[in-house]
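Asker: Dropping a prediction and its sequence here:
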Amino acid sequence: MSSMRPIVILGPTASGKSDVALAVAESVGGCIIAADAMQVYRRMDIGTAKPTPDERRRVVHACIDLCEPSERFTVARYVAAYEEVLADCNRAGAQPLVVGGTGLYITAVVDGLNLPGEWPEIRQELESEPDTIALHGRLTSLDALAATRMEPTNRRRVIRALEVTIGSGQLFSSFGEGVASYPSTDIRQIGLRWSRPALAERIAQRVHKMIANGLVEEVQSLLAEHEPLSATARQALGYKEIIEHLEGGVSLEASVEKVILRTRQFAVRQERWFRRDPRIEWVDVVSDPVEEIATHVLQTLA
């Protein structure tokens, strides 16, 4: 193998990218580096579709289980863990395969990010405001460009943008997070693309399988832990809706339907993020992502 530069395999949730990466890693002696903002949490396994114990025995999986569900996890922490794992892969002579659906993490890997610091006191003050739309309005007045790059209801990102803008005295958008500039890079990015109806069906099947595999029991166990779930962990897809079932009296059936709907909406947002990057090599999937995509990736590595 002439180069040990990472290969990025990306796509929306339920697109089959993890299965593709596993097949490629087994073929070339690679290691898989997750780029998933929710797989970093320990014991949040079923709802985040973490690799199974068998898959972890077959191939090294890294950048998962990095923190407790009660902790706040940052992109800076992810980058530090990623760089350490990348060095380990290179020392072992293993091809790094970055796999994910978290666009910001992939941007950090491919292009690097000028990561701002943290201002906990400012963040605490902002979190005391229950109206996320009002916070987004405040961001619009301070950094209109940053405000256009996030959903007004995405409380975590809105608060983070305000925290950085107020705390640093610099515009959040000036740090490069979400900036639509795509410089040349020697890191290949291969994207899995399904028709929207096919992906929607895969998402529904996946959610029902998660429930069958014990997602409700996993959430019950997390809620019973001594340390409460962090705001980010509580908002994770699948977990938020099951918490509404367990604590808010919403029926399980209604909660499952919410998980499916919100996951489909999330997949659309992921696709929208990835489509902005002209460097991604898209490969259309018809029925079997491993059979149809793994060969393409292996040719890339040849």
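Answerer: The structure has been received and is ready for your questions. If you're wondering where the values come from, they're calculated on a predicted model, not measured in any experiment.

Asker: tell me which residues in stretch 5-14 are buried?
Answerer: Under the neighbour-count criterion of 16 or more other Cβ atoms under 10 Å, stretch 5-14 has 6, 7, 8, 9, 10, 11, 12, 13, 14 buried. For glycine as for every other residue, the C-beta is placed from the backbone atoms N, C-alpha and C.

Asker: Can you convert the residues you listed into a markdown table and add a column each for secondary structure and distance to residue 241?
Answerer: Formatted as a markdown table, these follow (DSSP: H, G, I helix; E, B strand; the rest coil; distance: Cβ to Cβ, whole Å):
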| residue | secondary structure | distance to residue 241 |
| --- | --- | --- |
| 6 | coil | 33 |
| 7 | strand | 34 |
| 8 | strand | 29 |
| 9 | strand | 28 |
| 10 | strand | 25 |
| 11 | coil | 23 |
| 12 | coil | 18 |
| 13 | coil | 14 |
| 14 | coil | 16 |
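
Asker: of these, closest to residue 110?
Answerer: residue 8 (6.6 Å; Cβ to Cβ).

Asker: tally of neighbours for residue 263?
Answerer: Close neighbours of residue 263, defined as other Cβ atoms under 10 Å, add up to 22.

Asker: separation between it and residue 96?
Answerer: 28 Å (Cβ to Cβ, to the nearest Å).

Asker: same check, this time on residue 149
Answerer: Applying Cβ to Cβ to residue 149 and residue 96 gives a distance of 28 Å.

Asker: For those two, work out which one has more neighbours and name it.
Answerer: residue 96 (24 against 15).

Asker: Figure out the helix or strand that that one lives in.
Answerer: Element membership for residue 96, per DSSP states H and E: strand 95-100.

Asker: Give me the residues contacting that strand.
Answerer: Around strand 95-100, the neighbours that count as contacts under Cβ atoms under 8 Å, 6 or more residues apart in numbering are 1, 4-10, 17-18, 21, 24-25, 28-36, 85-86, 89-90, 106, 109, 301.

Asker: Filter the residues you listed down to the ones in strands?
Answerer: By the criterion of DSSP state E, membership of the contacts of strand 95-100 in strands covers 7, 8, 9, 10, 30, 31, 32, 33, 34, 35.

Asker: Now for those residues: which two are most distant?
Answerer: Greatest spacing in the ones in strands among the contacts of strand 95-100, by Cβ to Cβ: 10 and 31 (16.9 Å).

Asker: what residue ranges in the stretch 101-250 of the chain score low on pLDDT?
Answerer: 176-180 (pLDDT under 70).
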